[in-house]
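Participant: Using only what follows, build the 3D model:
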Amino acid sequence: MSKVIMIQGTMSNAGKSLLAAGLCRIFQQDGYHPAPFKSQNMALNSYVTAEGLEMGRAQVMQAEAAGIAPAVCMNPILLKPTSHTGSQVIVNGEVLGNMSARDYFAYKKNLVPEIRKAFRKLEETADIIVIEGAGSPAEINLKENDIVNMGLAEMVDAPVLLVGDIDRGGVFAQLLGTLMLLEEAERKRVKGLIINKFRGDKSILDPGIEMLEQKGGIPVVGVVPYMELALEDEDSLTERFEKRQEGLIDIAVIRYPRISNFTDYNVFEQIPEVSVRYVDRPGQLRHPDLIILPGSKNTMGDLKWMRQNGLESLIKELAEEIPVFGVCGGYQMLGERISDPDGVEEGGSLRGMELLPVSTILCREKERRQTEGVINGLEGPLRGLSGLPFRGYEIHAGRTAISGGESTEAVEISAVWTAEIPAVLYGGKNVYGSYIHGLFDRRETALAVIETLAERKGIRLSGEGLEDYASYKEKQYDRLADTLRSCLDMEYIYGILGESHLG
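Facilitator: Okay, the predicted model is just below:
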């Protein structure tokens with residue numbers, strides 16, 4: 001059986017995902033075969049495995065840190081919010097259906113066998129499994145039939161490290177309050193406390209740590225500094241959305257209410273002269289060098305949102321002067337019409353932005369696949385992308401066809417790219433669309449975009465430091481591991497596992 005350790009937090013965004021990734025990288029560096037696990041993840045950033053199955057990107061990031069290929073058994077349940085009170089429920093990579101929060105709460109105990117099955121599958125190849133919880137284990141209203149925090153810890157007999165976020169303030173109350181609200185058997189599972197995102201002189205914190213250990217009866221196994229790492233974070237609470245400063249090259253990503261897979265644009269953050277801003281109001285858009293319409297979990301609803309708040313009309317006006325690029329749901333929005341005969345999203349039919357000569361029919365069956373090829377025959381301001389190879393994945397509930405050609409059912413944009421139906425569709429003037437997530441991850445592709453935008457402004461950028469996003473992330477994982485080694489009591493943590501990396 002695999003050794004297990006679980007990271008739980010006092011709240012969402014306490015740093016569980018990154019700490020789990022960091023431990024995966026440390027264990028991998030020390031010669032073990034670790035793997036991540038999160039029984040239930042709620043996120044709009046998702047990924048498609050080689051088998052065409054869907055999982056949360058946080059576990060993909062952790063798998064990369066562990067040096068292994070992502071597998072859906074690392075995240076057997078994925079919830080993708082479709083509204084404030086409902087989500088699409090994905091089990092073992094396949095869509096189960098849409099449920100309200102109340103219905104899912106009543107149903108989730110039926111998924112315990114699937115969680116156990118996925119965990120056993122992971123045990124076949126991993127000798128250490130690093131488990132990530134969700135939110136807080138002290139959410140009293142969610143404790144009944146819990147399958148992701150202490151309920152899961154009991155299910156797999158996992159020791160727990162509890163993480164608090166000092167950057168938000170009140171970290172001692174966070175940690176002690178959480179411990180107080182746990183039942184006695186649950187408290188006994190907590191073997192160590194971690195204070196995360198600390199800025200400043202740690203010695204000033206020492207009296208507080210002594211008090212915390214005295215009152216909590218559990219050792220503090222580390223104080224982790226605030227880290228500036230360019231790794232994928234939980235979509236709903238990312239700090240990326242708060243960036244407002246414009247660089248020499250300014251990329252504006254439209255932040256609709258159901259934005260998904262915005263990790264596609266992290267690659268551009270490597271270049272100091274380039275800014276990636278997330279915009280949700282017309283006044284924030286100003287005059288960027290590139291506008292990106294990203295993916296969406298509710299394409300029709302998010303298009304209506306843009307139409308109502310004025311972003312749509314402003315983007316259409318700016319498209320006369322600057323490039324506009326739609327990916328997945330954003331691609332569908334840029335077309336002439338979106339139809340939903342089966343009520344996949346909101347039903348009915350909706351006029352698109354009419355910037356691309358395509359129409360989309362939403363379908364119950366999702367298209368999920370990894371894909372690769374070459375961008376061919378591209379014209380317009382981004383024609384420098386022509387001839388460049390790509391590798392990425394598709395995940396969309398729609399069939400998109402060139403308008404005015406064959407029927408939308410007959411002409412489907414898919415993984416088999418032809419001259420007639422390209423990987424990237426150019427619609428004339430400055431408008432482009434693609435279904436491919438990860439399209440810009442290759443260094444050559446990202447550099448071609450940035451160089452084109454710089455040339456249009458009459459400036460030159462060195463492009464130094466820009467590399468394939470995969471290589472860049474590898475260095476980030478090593479930085480994360482180095483930082484955690486310097487501030488966590490790894491000997492104690494290995495003791496919890498019943499292992500010793502010293503021998």
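
Participant: In contact with the closest residue in space to P81 that isn't next to it in sequence, which residues are there?
Facilitator: With CB to CB, 6 or more residues apart in numbering as the measure, S87 is the residue that lies nearest to P81, at 4.9 Å, once sequence neighbours are left out. Where C-beta positions appear, they are placed from N, C-alpha and C, glycine not excepted. Residues counted as contacts of S87 (CB atoms under 8 Å, 6 or more residues apart in numbering) are M42, L79, K80, P81, N98, M99, A101, Y104.

Participant: Roughly how far does S87 sit from A454?
Facilitator: 41 Å (CB to CB, to the nearest Å).

Participant: Starting from the helix or strand the residue nearest to P81 falls within, tell me which strands it pairs with and how they run.
Facilitator: Following DSSP states H and E, the helix or strand that holds S87 is strand 86-91. Sheet pairing for strand 86-91, assigned by DSSP bridges, gives strand 77-81 (antiparallel), strand 94-100 (antiparallel).

Participant: give me the low-pLDDT residue ranges for the stretch 101-250 of the chain?
Facilitator: 233-240 (pLDDT under 70).

Participant: Can you list the residue ranges for helices in it?
Facilitator: Shown for the stretch 101-250 of the chain, the helices assigned by DSSP state H, counting those that start in this stretch span residues 101-107, 112-123, 150-156, 171-181, 184-189, 206-216.

Participant: Let me have the ones you listed in TSV, extended by distance to I395 and mean neighbour count.
Facilitator: What follows is the helices of the stretch 101-250 of the chain, written out as TSV (distance: least, CB to CB, whole Å; neighbours: other CB atoms under 10 Å):
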stretch	distance to I395	mean neighbour count
helix 101-107	21	14
helix 112-123	20	17
helix 150-156	26	20
helix 171-181	35	19
helix 184-189	36	14
helix 206-216	43	14
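
Participant: Tell me which of those sits nearest to Y47.
Facilitator: helix 112-123 (15.9 Å; CB to CB).

Participant: relative orientation of the closest one and strand 77-81 in degrees?
Facilitator: Here helix 112-123 points in a direction 120 degrees away from that of strand 77-81 (axes from the mean of the first three to the mean of the last three CA atoms, to 10 degrees).

Participant: Run through the neighbouring helices and strands of helix 112-123.
Facilitator: Secondary-structure packing of helix 112-123 (3 or more CB pairs under 8 Å, 6 or more residues apart in numbering; DSSP states H and E): strand 34-37, strand 128-132, helix 150-156.

Participant: repeat that for 10 Å
Facilitator: On a contact count with 3 or more CB pairs under 10 Å, 6 or more residues apart in numbering; DSSP states H and E, helix 112-123 meets strand 34-37, strand 77-81, strand 86-91, strand 128-132, helix 150-156.

Participant: domain assignment for this structure?
Facilitator: 3-231+473-497, 249-457 (automatic domain parsing).

Participant: In TSV, list those domains along with distance to E467.
Facilitator: Rendered in TSV, the data for the domains of the chain read as follows (distance: least, CB to CB, whole Å):
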stretch	distance to E467
domain 3-231+473-497	9
domain 249-457	5
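
Participant: Which of the ones you listed sits closest to E242?
Facilitator: With CB to CB as the criterion, E242 lies closest to domain 249-457 of the domains of the chain, at 8.2 Å.

Participant: what about the closest one, start to end distance?
Facilitator: The first residue of domain 249-457 is 9 Å away from its last residue (CA to CA, to the nearest Å).

Participant: Kindly report the same for stretch 38-57.
Facilitator: First residue to last in stretch 38-57 (CA to CA) measures 11 Å.

Participant: And the average pLDDT for that stretch is what?
Facilitator: Averaged across stretch 38-57, the pLDDT comes to 93.

Participant: tell me which residues of it are tucked away?
Facilitator: Along stretch 38-57, these residues count as buried under the neighbour rule (16 or more other CB atoms under 10 Å): 38-49, 52-57.

Participant: Hmm, N266 is touching I251, no?
Facilitator: No. With contact defined as CB atoms under 10 Å, N266 and I251 do not form a contacting pair (11.4 Å).

Participant: Comparing these two, which residue is more hemmed in?
Facilitator: Neighbour comparison, N266 and I251: the larger count goes to I251, with 24 against 19 (by other CB atoms under 10 Å).

Participant: so how far is G384 from the more buried one?
Facilitator: I251 sits 16 Å away from G384, taking CB to CB as the criterion.

Participant: ok, the spatially closest residue to A35 that is not a sequence neighbour - how many residues close by?
Facilitator: Across the structure, with CB to CB, 6+ apart as the measure, the residue nearest A35 apart from its sequence neighbours is A126 (3.7 Å). When neighbours are defined as other CB under 10 Å, A126 has 24 of them.

Participant: what is the residue nearest to P81 paired to in the beta sheet?
Facilitator: S87 has the following beta-bridge partners by DSSP bridges: P81, M99.

Participant: and L461, that's in a strand?
Facilitator: No. Checked against DSSP: H, G, I helix; E, B strand; the rest coil, L461 lies outside a strand; its state is coil.

Participant: Show the contacting residues for it.
Facilitator: Contacts of L461 were listed using CB atoms under 10 Å, 6 or more residues apart in numbering, and they are 247-249, 271-274, 447, 450-451, 453-455.

Participant: swap the cut-off to 6 Å and go again
Facilitator: Residues in contact with L461 (CB atoms under 6 Å, 6 or more residues apart in numbering) are E273, A454.

Participant: residue boundaries of the helices in the stretch 251-400 of the chain?
Facilitator: Taking DSSP H, counting those that start in this stretch, the helices of the stretch 251-400 of the chain run over residues 282-285, 299-309, 311-318, 329-334.

Participant: buried sites along the shortest one?
Facilitator: Translated: helix 282-285. Under the neighbour-count criterion of 16+ other CB under 10 Å, helix 282-285 has L285 buried.

Participant: and that helix, what's its mean pLDDT?
Facilitator: Along helix 282-285, the predicted local confidence has a mean pLDDT of 95.

Participant: Give me the helices and strands touching that helix, please.
Facilitator: Packing partners of helix 282-285 (3 or more CB pairs under 6 Å, 6 or more residues apart in numbering; DSSP states H and E): helix 311-318.

Participant: Can you give me the buried ones in the helix it packs on?
Facilitator: Within helix 311-318, the residues that count as buried by 16+ other CB under 10 Å are L311, E312, L314, I315, L318.

Participant: still on that earlier bit, and of the helices of the stretch 251-400 of the chain, who's closest to R391?
Facilitator: Closest of the helices of the stretch 251-400 of the chain to R391 is helix 329-334, at 18.2 Å (criterion: CB to CB).

Participant: So what touches the closest one?
Facilitator: With CB under 6 Å, 6+ apart as the contact definition, helix 329-334 has outside contacts at 293-296, 299, 303, 326, 338, 352-353, 355-356, 360, 398, 433.

Participant: and the gap between A71 and D302?
Facilitator: With the distance defined as CB to CB, A71 ends up 31 Å from D302.
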